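Student: Give me the fold of what follows.
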Amino acid sequence: MIYNSIGLIFIISAFILLIYSYLVMPRCHLKPKKYNNKKRYCILIPARYESKVINNLLLSITKQTTKINPKDIYIIVESIKDKTVDIAKQYNMNIILRENLSLKRKGYALNDAVTYILKKQIHYDAYFIFDADNILDKDFIKNMEKSINEGYDIGIGYRNTKNSNTLVSASSALTFSMINTMLNERKNKYHNNLTISGTGYYIKGSIVEEWNSFPFHSLTEDYELTLYAILNNLTTTYNKKAIFYDEQPDNFNISLKQRTRWVKGYFEARKKYINKISKSEIKNDPNFASKVNAFLGVTPYIYIIIGLLIILVNILITKGITTFLCYLTIFLLLIYTVLVLFTTIMLNKEKNSLNISKSMKIKVIFYNPIFMFSYIICLLRTIFIKDIKWDKIDHNKN
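Tutor: Take a look at the predicted model:
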């Protein structure tokens, strides 16, 4: 009985923390300060052997309604023999050849580009960062410019999907819907710091110059940047009109490998920043809510898992295997049902924005909960696989 009570305490505590994190959001008063934007922007594209996909990105950049000078676009490669170089030359864009290839993470590639630019003493009002497989809506820069003019330090675009033809790729796309449409939209409403995921964002040039580098080199440099922004009270915004398209893995094993890296990077970045954030929290902090939510992170969800495990183990010991299996089935069905409802709400909130067909939406409602369950596998892999590296994911030609 006592173990069931302990399990319930964990679960109840989790829901209390979730409710508190939701209610505390309005306690944020961090607002941007307008500045003199001279409208000179650069684009950084890490592109290690990305000749299959980069042409579509570069073409979409040339078609922007707000033009970017090709000489302000920097494509980062690892070998001059990479076919990506030939494509970049056709567009008369800068090629940055990496020197220290033992530093394999995206953050190091971005750092090479930033260091190169700053040594040239070139000033940009904003640095845009994209992956080579991205494609930009023609008004992406135009819409983002509104956020730059408003003075936001970091602006995040709406991440749509290029490919949603499989259940895996469609579910992967919904991961970013969960981050942006379900979380960042509400955070944006109350001026909380947003969660930066992947690419399709800009950083104000003066901040990059202050860093004198790109100092985020973890497995998830985007989440590390998120925590840095929270700690240092940088203003962030979600610009849903700035649309870009991103390719999702369509193979479950590749997706599992990618998400394992994300989970590992999540904890790696938190280890570096979370103590600093907890010590910086004060009641009159204009960014109080962001710091509270960053400190909590996924703790409530871990509490729920721990609570359920305690209850299930106690049932196994005291009631036997048959009763244990019955309760396990009930718990799994309950969680599955909740996730089905959550996926349905998420798709409804996206309406017709997300590039997923009606037939796939019906299928993904029932598959996405299984996809989300598999994050537990990713977590276990991070525990038992110590050497998780940043590896290139091969893209399709589209």
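Student: Just the CA trace of the helix or strand of the chain with the lowest mean pLDDT, in CSV.
Tutor: Within the chain, no helix or strand scores below helix 375-384, which has a mean of 89 by mean pLDDT, DSSP states H and E. Once non-C-alpha atoms are left out, helix 375-384 reads as follows in CSV (Å, rounded to 0.1, in the frame of the first residue of the first chain):
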residue,chain,number,x,y,z
TYR,A,375,11.1,8.3,-27.0
ILE,A,376,11.4,6.0,-24.0
ILE,A,377,13.6,3.8,-26.2
CYS,A,378,15.6,6.9,-27.1
LEU,A,379,16.0,7.7,-23.4
LEU,A,380,17.2,4.2,-22.6
ARG,A,381,19.7,4.3,-25.5
THR,A,382,21.2,7.5,-24.1
ILE,A,383,21.7,5.7,-20.8
PHE,A,384,23.4,2.6,-22.2
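Student: ok, and for stretch 272-281, which residues are buried?
Tutor: Residues 273, 274, 277, 280 are the ones in stretch 272-281 that count as buried (16 or more other Cβ atoms under 10 Å). (C-beta placed from N, C-alpha, C; glycine too.)
Student: and the residues you listed, which of them are in helices?
Tutor: If you go by DSSP state H, the buried residues of stretch 272-281 have 273, 274, 277, 280 in helices.
Student: secondary structure element for the residue nearest to the spatial centre of the chain?
Tutor: Closest to where the C-alpha atoms of the chain average out (Cα atoms, centre = their mean) is residue 197, at 1.7 Å. Using DSSP states H and E, residue 197 falls within no helix or strand.
Student: same check, this time on residue 302
Tutor: If you go by DSSP H and E, residue 302 is part of helix 299-319.
Student: Show me what whatever helix or strand comes next after that helix is packed up against.
Tutor: Next in sequence after helix 299-319, counting helices and strands by DSSP H and E, comes helix 321-350. Where contact means 3 or more Cβ pairs under 8 Å, 6 or more residues apart in numbering; DSSP states H and E, helix 321-350 is packed against helix 167-177, helix 299-319, helix 358-373.
Student: CA atoms only for stretch 83-103 - export them in CSV, please.
Tutor: Backbone C-alpha positions of stretch 83-103 (Å, rounded to 0.1, in the frame of the first residue of the first chain) are rendered in CSV as follows:
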residue,chain,number,x,y,z
LYS,A,83,29.6,18.3,-55.3
THR,A,84,27.8,20.8,-53.1
VAL,A,85,30.7,23.3,-53.9
ASP,A,86,29.9,23.2,-57.6
ILE,A,87,26.3,24.0,-57.0
ALA,A,88,27.1,26.9,-54.7
LYS,A,89,29.5,28.3,-57.3
GLN,A,90,26.7,28.4,-59.8
TYR,A,91,24.9,30.8,-57.5
ASN,A,92,28.1,32.9,-56.9
MET,A,93,27.8,32.2,-53.1
ASN,A,94,30.6,32.0,-50.5
ILE,A,95,32.2,28.6,-49.8
ILE,A,96,33.7,28.1,-46.3
LEU,A,97,35.9,25.0,-46.2
ARG,A,98,36.2,23.6,-42.7
GLU,A,99,39.7,22.8,-41.4
ASN,A,100,39.3,20.9,-38.1
LEU,A,101,37.1,17.9,-39.2
SER,A,102,37.5,16.2,-35.8
LEU,A,103,34.9,18.7,-34.5
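Student: And that stretch, what's buried?
Tutor: For stretch 83-103, by 16+ other Cβ under 10 Å, it's 84, 85, 87, 88, 93, 94, 95, 96, 98.
Student: same deal with stretch 349-365?
Tutor: Those would be 350, 354, 355, 356, 360, 361, 364, 365, for stretch 349-365 by 16+ other Cβ under 10 Å.
Student: among the residues you listed, which two are most distant?
Tutor: Spanning the widest gap among the buried residues of stretch 349-365 are 355 and 365, at 16.6 Å by Cβ to Cβ.
Student: can you give me the strands in the stretch 1-150 of the chain?
Tutor: Along the stretch 1-150 of the chain, counting by DSSP state E, counting those that start in this stretch, strands occupy 41-46, 73-77, 94-97, 126-129, 135-136.
Student: Show me the contact partners of the shortest one.
Tutor: In other words, strand 135-136. For strand 135-136, the external contacting residues (Cβ atoms under 8 Å, 6 or more residues apart in numbering) are 56, 57, 60, 61, 64, 130, 162, 243, 244, 245.
Student: tally of neighbours for residue 144?
Tutor: 27 (other Cβ atoms under 10 Å).
Student: and the gap between it and residue 134?
Tutor: Distance of residue 144 to residue 134, given as Cβ to Cβ, to the nearest Å: 13 Å.
Student: could you pull out the helices for the stretch 101-250 of the chain?
Tutor: 106-119, 140-150, 167-177, 185-189, 205-211, 221-231 (DSSP state H, counting those that start in this stretch).
Student: could you redo the ones you listed as CSV and give each row mean pLDDT and distance to residue 79?
Tutor: Output for the helices of the stretch 101-250 of the chain, formatted as CSV (pLDDT from 0 to 100; distance: least, Cβ to Cβ, whole Å):
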stretch, mean pLDDT, distance to residue 79
helix 106-119, 96, 13
helix 140-150, 97, 29
helix 167-177, 94, 29
helix 185-189, 94, 40
helix 205-211, 97, 26
helix 221-231, 97, 22
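Student: Which of those helices sits closest to residue 31?
Tutor: Taking the helices of the stretch 101-250 of the chain one by one with Cβ to Cβ, helix 140-150 is closest: 9.4 Å.
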